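1. Give me a model of this one.
(4 chains)
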4 protein chains.
Amino acid sequence: MNTLDTSAKGVYLIAVTPFRENGELDLESTDRMVDFYIDKGATGLTILGIMGEATKLTADESRIFVKRVLARVNSRVPVIVGASAPGFAPMRELTMSVMEMGASGVMVAPPSTVRTDDQIAAYFDMVNETLGPDVPWCLQDHPVSTGVQMSTGVILRILKNSPNCVMLKHEDMPGLAKLGAIRAASERGDIKRISILTGNGGGLFLPEEMTRGADGAMTGFAYPEMMVGVVNAHAAGDIERAHDIFDAYLPLARYEQQPNIGLAVRKHIMAERGVIDSAAVRKPGPKLTAADIADIERLTRRQEKRLREIQ
Amino acid sequence: MNTLDTSAKGVYLIAVTPFRENGELDLESTDRMVDFYIDKGATGLTILGIMGEATKLTADESRIFVKRVLARVNSRVPVIVGASAPGFAPMRELTMSVMEMGASGVMVAPPSTVRTDDQIAAYFDMVNETLGPDVPWCLQDHPVSTGVQMSTGVILRILKNSPNCVMLKHEDMPGLAKLGAIRAASERGDIKRISILTGNGGGLFLPEEMTRGADGAMTGFAYPEMMVGVVNAHAAGDIERAHDIFDAYLPLARYEQQPNIGLAVRKHIMAERGVIDSAAVRKPGPKLTAADIADIERLTRRQEKRLREIQ
Amino acid sequence: MNTLDTSAKGVYLIAVTPFRENGELDLESTDRMVDFYIDKGATGLTILGIMGEATKLTADESRIFVKRVLARVNSRVPVIVGASAPGFAPMRELTMSVMEMGASGVMVAPPSTVRTDDQIAAYFDMVNETLGPDVPWCLQDHPVSTGVQMSTGVILRILKNSPNCVMLKHEDMPGLAKLGAIRAASERGDIKRISILTGNGGGLFLPEEMTRGADGAMTGFAYPEMMVGVVNAHAAGDIERAHDIFDAYLPLARYEQQPNIGLAVRKHIMAERGVIDSAAVRKPGPKLTAADIADIERLTRRQEKRLREIQ
Amino acid sequence: MNTLDTSAKGVYLIAVTPFRENGELDLESTDRMVDFYIDKGATGLTILGIMGEATKLTADESRIFVKRVLARVNSRVPVIVGASAPGFAPMRELTMSVMEMGASGVMVAPPSTVRTDDQIAAYFDMVNETLGPDVPWCLQDHPVSTGVQMSTGVILRILKNSPNCVMLKHEDMPGLAKLGAIRAASERGDIKRISILTGNGGGLFLPEEMTRGADGAMTGFAYPEMMVGVVNAHAAGDIERAHDIFDAYLPLARYEQQPNIGLAVRKHIMAERGVIDSAAVRKPGPKLTAADIADIERLTRRQEKRLREIQ
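-> Here you go, the predicted structure:
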């Protein structure tokens, strides 16, 4: 039920980490959030990523949060844990600990210090050695946060060398050509067919990415209905319907994708929707102004209207 | 008629540089492009910017292109020329040359080598000295291309020290809070009121930026109708109408904003619209694939349909 | 005895973290290393910095290592622990834990995400809040590793706002003018007089930095005799002697400062000197080739000869 | 006599561009500088590089300066001109113009926008196309200024694809292993044997680089005697003598290598030596303080003493 393998598809939600107004972990909201994501159609969850404020948690808090999520998910969907780390000893420590708790796999991005094709490939050889033969993992390609440009060639090379790499989180932008080329390589049989989920900007290119061969999305827009709707319409062959749904949510999705304040926007909407109690983001982090909130209100109102029109 | 001063508003188009299929400058298309922009409602033009492939032109070609644009514009609207340069001697040479030909002013961004507030402020003191007392100029704040983060405080400091800086091209993202803070400073009388035109991502935040106090846009989406429509509706006080127009164009505007292939998308659409003969981008530059073009066709078709609905 | 305050001077050694050939922590070598540093004249130690491979240790290993060092130091000199972290919760957790074990203070560098003067100053306000009123701390200014340029002005601003910031680790390059300006500000009484220790490239500018007002060095060259000799000769007013000592070690110190392989060079020499059992660096990390080792041998032999000449 | 081919060796001086105190080009000093370099043993000159303040010259000034240098050199040694440019049209224009005037070849570094192995290789395919079949060129590998990491593999790939690439300017740091690997590839016959000149930090690793297979240096330390002496002693098989000469100059060479103020230090010494009239650096550029000049005086005095000792 909760295994992570190359057949993964649908929508993996990048979960936020809920805090109380005073900054403490909010475990009750965590339960509610897990249920919300799954009720809205999530086929998986990803926790302790950048948008999960992983680096702002103490080691204890991370453990408590992972445990709570896994308990609440209760094997309904796979859970992936972000395990990128500057050193392999902490990467291994975290991985072994979360797998023991019941995680389905981990996600790893390259560190900003690797640059050339050879350095990137050598790094992931060491990742394979570190994770060992029993941990399925997802390769995260997100140049904006890592500074690392992985060419199609080097991604294929990593996939060939990594028996347990079962998924690519595609977040390069522009990435449509790259996504198509990687999918074409597996169609031709050059590499095994892995799952490709796209994470670009909260799904800002999702309809086009599905057309190029993505199996779904891994991202965290506060309206998972958008990603689920687009992916399902696409799977049903109704491309125009996929675009209709996408377009209705796009103005707000775009607003949520502003660098820096994006997470505050996302948590604000989730709090407004009753998913989490507080929109608090831990320091150092952004705060919304009254003008930001007015923008969100207008966009939400317009979104509701548009959604009624396309029913 | 064609002076550049602090009262500038509306839509300044970031012009492309048209080439023939063989890579030569295309001056006939240049004429047609100038007319197209002005017919669609441009209140100004900006040439030789990044999206104008300025660095790919020889010195002679630059001169010929500027001359041709200025002749065709024939004082109908102000023309701003990009004059950012790593050294002050070439910046002065270019500025003096284009002002003599009839340009209305120049645009300058900080070089990537300045980082601290003091370095940034000192740099623009030297810019003022270089441009002299007779050249109106526009300060370009575009961290994504320059790597330079200019705080609200340092921008106000530059504006105070720069009698001839009459315009801010606002392209920081997220920048809504900054835009609001700079406008608030002029409302309070801390600084003179300058023109603020926004360039974020082809206008991807235009309706919200107008609400925060922008005077218009300076950007280059292949449908100038969008920016002109949004700015005019806003000026007329019809905010919902501004959003309706914006939303109709947003799916394609978003697609045109993909890093790297964006310019190829823009030129493709402009060629399709008959504005320029060829979509050619000079090397090193991107090329569209059949799949990209299929995406654009779908988005254009859907856009036309949506525009009819909101008539 | 082991307090950290503004009177700190001399040479604080940036300690390596000794590993066995198989990659395990080597605690016996740790003891020997501590004694070696203090015997050679260290007036303080700094652990868990970049050159201490801090990010490659598990949480448990970090704790064990810090405990071992503190026990062996046994209050002979102050020990500073690197506490830079992307989030404040882990920074606080680490700080409280090491202070309880007996550390004398912590060292904090800005994260790469802060850029403008205001962002930098605001960040250190939060650092002060996080560390609380009882923890003396050292501000690390190392643009090469952080990407953050702190101007003289912003450093003075931080010092004014930070009652417990007692030391500056000066590692900007070029930094002689900045070092002089900060020292001049305390001479004028604009700010309190803090301790300034320099860390540039293993001490590659140490004689000149002492002349500009540094109180000593905080760095990790495998021959602490160099830094101790230069600082002591300088304190005794014998500037030429300081340069003689410096020049004798410079060819090897320069070689140890090569980016990437530098740490491997340092550990190799320390192993050759019998300070640590193995030169092992944890992955991902560099390995020396036979040609590198031949270089080191030649440089060491020449250094010994030169040192005899200047006796 | 003045051809550039794969047999190049010795010391190619990176020439400064002399200005008068008022900032004008100083052509008389240019003549004197050319003679000085050749008298001191230069086997080639490189002009219009970063340390030649190329980007601060107008197009006219560049032409005048190149002409003057070529006239004064009068075919005594080959002259290479820096031709890196963001676009191929200006690269071609500059190259054709200087080759016509009598330059021996051009030098090209990759632009900061290329990152992956494939992007780098594709870029140099276009460089070959741009320069055509008649222009010998030098590949500059300087990650610190370009941000581009070229692996050994990608450099070999470029060399294989570039019949007219006759020289590598090696300035990666650390680069000893890479230099050795590239030289080993030509020894094995995998690629043709090209000339490798090293530019690291004013020659700060020159003796070790010669041992790894470099043919000489291309750099600009104000005492060309150092590079010429080291290269000649090495060629004569006297490695210890090469190190003796190197060590005598190292304290000052290190001081000249400070980022930012380095060029001002170099020009100051050259002015003191009577090579150029003024140490002026064009804005934006550094200025030396009295304390900097005192440092240089002490280092120069000590250098003279040391040179007498090793006679």
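2. I'd guessed A:Ala8 sits against A:Met167; true?
-> Yes: with contact defined as CB atoms under 8 Å, A:Ala8 counts as touching A:Met167 (5.8 Å). To be clear about C-beta, it is placed using only N, CA and C from the backbone, and glycine gets the same treatment.
3. any residues in contact with both of these two?
-> A:195, A:197 (CB atoms under 8 Å, 6 or more residues apart in numbering or on different chains).
4. measure the residue of the stretch 201-311 of chain A found nearest chain D to A:Cys165 for me?
-> Distances between the stretch 201-311 of chain A and chain D by CB to the nearest CB are smallest at A:Arg212, namely 19.6 Å. Distance of A:Arg212 to A:Cys165, computed by CB to CB, to the nearest Å: 20 Å.
5. what's around the residue nearest to A:Arg254 when sequence neighbours are not counted, how many residues?
-> Nearest residue to A:Arg254, sequence neighbours excluded (CB to CB, 6 or more residues apart in numbering or on different chains): B:Leu204, at 6.3 Å. Using other CB atoms under 10 Å in any protein chain shown, B:Leu204 has 24 other residues around it.
6. give the contact list for B:Leu204.
-> A:254, B:250, B:253-254, B:257.
7. Among those residues, name the ones in helices.
-> Counting by DSSP state H, the contacts of B:Leu204 place A:254, B:250, B:253-254 in helices.
8. Identify the farthest-apart pair in the residues you listed.
-> A:Arg254 and B:Ala253 (9.6 Å; CB to CB).
9. now the helices for the stretch 51-200 of chain A?
-> For the stretch 51-200 of chain A, the helices defined by DSSP state H, counting those that start in this stretch cover A:59-73, A:88-101, A:117-131, A:143-146, A:152-161, A:176-187.
10. Which elements pack onto the fifth one?
-> Same thing as helix A:152-161. helix A:117-131, strand A:137-141, strand A:165-170, helix A:176-187, helix D:117-131 (3 or more CB pairs under 8 Å, 6 or more residues apart in numbering or on different chains; DSSP states H and E).
11. Show me what the mean pLDDT comes to for it.
-> The pLDDT scores in helix A:152-161 average 97.
12. Please name the residues that touch the nearest residue to A:Ala59 once chain neighbours are set aside.
-> Once flanking residues are discounted, A:Ala59 sits nearest to C:Ala59: 5.2 Å by CB to CB, 6+ apart. Applying CB under 8 Å, 6+ apart to C:Ala59 gives the contacts A:59, A:90, A:93.
13. got a list of contacts for the helix or strand of chain A with the lowest mean pLDDT?
-> Across the helices and strands of chain A, the lowest-confidence element by mean pLDDT, DSSP states H and E is helix A:143-146, at a mean of 89. Residues outside helix A:143-146 that contact it (CB under 8 Å, 6+ apart): A:50, A:109-112, A:149-150, A:171-173.
14. Next: stretch A:30-44.
-> So stretch A:30-44 is contacted by A:4, A:8-13, A:15-18, A:45, A:65, A:68-69, A:72-73, A:76-80, A:104, A:216, A:218, A:224-225, A:228, A:232, A:270, A:273-276 (CB under 8 Å, 6+ apart).
15. Put the alpha carbons of it into CSV.
-> Taking Å, rounded to 0.1, in the frame of the first residue of the first chain, the C-alpha atoms of stretch A:30-44 are listed here in CSV:
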residue,chain,number,x,y,z
THR,A,30,-0.8,18.2,11.5
ASP,A,31,-3.4,15.5,11.8
ARG,A,32,-6.0,17.7,10.2
MET,A,33,-3.6,18.6,7.3
VAL,A,34,-2.9,15.0,6.6
ASP,A,35,-6.6,14.1,6.4
PHE,A,36,-7.2,17.2,4.2
TYR,A,37,-4.6,16.3,1.7
ILE,A,38,-5.8,12.7,1.4
ASP,A,39,-9.4,13.7,1.3
LYS,A,40,-8.7,16.1,-1.6
GLY,A,41,-7.1,13.2,-3.6
ALA,A,42,-3.4,13.2,-2.7
THR,A,43,-1.8,9.9,-3.7
GLY,A,44,1.3,10.6,-1.6
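16. Buried residues, that stretch. List them.
-> A:30-34, A:36-38, A:40-44 (16 or more other CB atoms under 10 Å in any protein chain shown).
17. pretty sure A:Thr17 is touching A:Ile64, no?
-> No: contact between A:Thr17 and A:Ile64 fails when scored by CB under 8 Å: they sit 10.8 Å apart.
18. Between the two, which has more neighbouring residues?
-> A:Thr17 (26 against 15).
19. residues contacting that one?
-> Contacts of A:Thr17 (CB under 8 Å, 6+ apart): A:25, A:30, A:47-48, A:52-54, A:57, A:65.
20. and it, which of the three is it?
-> coil (DSSP: H, G, I helix; E, B strand; the rest coil).
21. Please compute how far stretch A:129-141 lies from its chain's middle.
-> From the chain centre to the centre of stretch A:129-141 is a distance of 16 Å (CA atoms, centre = their mean, to the nearest Å).
22. got the end-to-end distance for that stretch?
-> For stretch A:129-141, the first-to-last residue distance is 20 Å (CA to CA, to the nearest Å).
23. Kindly provide the whole-number mean pLDDT of that stretch.
-> The model assigns stretch A:129-141 a mean pLDDT of 97.
24. Touching that stretch from outside, list them.
-> Taking CB under 8 Å, 6+ apart as the rule, stretch A:129-141 contacts A:3-5, A:80, A:83-84, A:88, A:91-92, A:95, A:99, A:104-109, A:124, A:127, A:150, A:155, A:158-159, A:162-172, A:175, A:197, A:199.
25. coming back round to it: mutual contacts of A:Thr17 and A:Ile64, please.
-> With CB under 8 Å, 6+ apart as the test, A:Thr17 and A:Ile64 both reach A:Leu25.
26. thinking again about what came up before, which of the contacts of helix A:143-146 sits closest to B:Ile261?
-> Closest to B:Ile261, out of all of these and judged by CB to CB, is A:Met173, at 9.9 Å.
27. Name the residue of the stretch 101-250 of chain A that lies nearest to chain C.
-> Counting by CB to the nearest CB, the stretch 101-250 of chain A gets nearest chain C through A:Met126, at 5.6 Å.
28. Give the other helices and strands that the lengthiest helix in chain A contacts.
-> Looking across chain A with DSSP H, the single longest helix is helix A:290-309. Where contact means 3+ CB pairs under 8 Å, 6+ apart, helix A:290-309 is packed against helix A:239-256, helix A:262-272, helix B:176-187, helix B:206-211, helix B:239-256.
29. returning to that earlier point: tell me which of the contacts of A:Thr17 fall in strands.
-> A:Ile47 (DSSP state E).
30. what's the farthest-apart pair in the contacts of A:Thr17?
-> A:Thr30 and A:Ala54 (14.2 Å).
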